[in-house]
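>>> Provide a 3D model corresponding to the input given below.
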Amino acid sequence: MDELLAFLVKALVEKEDEVAVSKDEDEKSITYKVKVASSDLGKVIGKNGKTATSIRTVMKSIGAKTHKKVFVKFED
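Okay, here's the model as predicted:
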């Protein structure tokens, strides 16, 4: 799942080398923190947050296989 999230975010941004994905996992949930360059944050979030919502939906769908809740937070 980590690689998929990094791939999706890197496809959207201009500064791919500044993308960093970290993961905090416990027994019921997984929280991903995605750091991008401040100039690329708008591209990852999208208009009215639609791109960010789509990324979260994909990750939650994959997380359903592991029976854990998945959260994705975007930071600059």
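>>> what about the residue in the chain sticking out farthest from the centre, helix or strand, and which?
Note on the chain: the largest separation between a C-alpha and the mean C-alpha position, by CA atoms, centre = their mean, falls on E27 (19.8 Å). E27 is located outside every helix and strand, with elements delineated by DSSP states H and E.
>>> Any figure for the gap between it and T51?
Applying CB to CB, to the nearest Å, the value for E27 to T51 is 30 Å. From N, CA and C alone the C-beta is placed, and that goes for glycine too.
>>> quick revisit: could you measure the residue farthest from the centre of the chain against V72, distance?
Using CB to CB, we find E27 at a distance of 19 Å from V72.
>>> Same question for A11.
Here A11 is placed at a distance of 15 Å from V72 (CB to CB).
>>> Y32 too?
The gap separating Y32 from V72 is 5 Å, by CB to CB.
>>> Show me the common contact partners of the two, please.
Here Y32 and V72 have 5, 59 as joint contacts, going by CB atoms under 8 Å, 6 or more residues apart in numbering.
>>> Would you state the strands of this structure in chain order?
For the chain, the strands defined by DSSP state E occupy 20-25, 29-35, 69-75.
>>> Kindly present those strands as CSV, with separate columns for distance to I55 and mean neighbour count.
Output for these, formatted as CSV (distance: least, CB to CB, whole Å; neighbours: other CB atoms under 10 Å):
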stretch, distance to I55, mean neighbour count
strand 20-25, 11, 13
strand 29-35, 8, 17
strand 69-75, 6, 16
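>>> out of those strands, nearest to V58?
Using CB to CB as the criterion, the shortest distance between V58 and the strands of the chain is 9.3 Å, found for strand 69-75.
>>> in its sheet, what does the closest one sit against?
The strands that strand 69-75 pairs with in its sheet are strand 29-35 (parallel) (by DSSP bridges).
>>> so how far is the strand it pairs with off the chain centroid?
7 Å (CA atoms, centre = their mean, to the nearest Å).
>>> Same check on stretch 22-33?
Centre-to-centre, stretch 22-33 and its host chain are 12 Å apart (CA atoms, centre = their mean).
>>> Alpha carbons of that stretch, as CSV, please.
This file holds the C-alpha atoms of stretch 22-33, laid out as CSV (Å, rounded to 0.1, in the frame of the first residue of the first chain):
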residue,chain,number,x,y,z
SER,A,22,5.3,7.8,6.5
LYS,A,23,3.0,5.3,8.2
ASP,A,24,1.7,4.9,11.7
GLU,A,25,0.0,1.6,12.3
ASP,A,26,-1.8,0.1,15.2
GLU,A,27,-4.2,-2.9,15.5
LYS,A,28,-7.3,-1.1,14.1
SER,A,29,-6.0,1.6,11.8
ILE,A,30,-3.3,2.8,9.5
THR,A,31,-2.5,6.5,9.2
TYR,A,32,-0.4,7.8,6.3
LYS,A,33,1.3,11.2,6.4
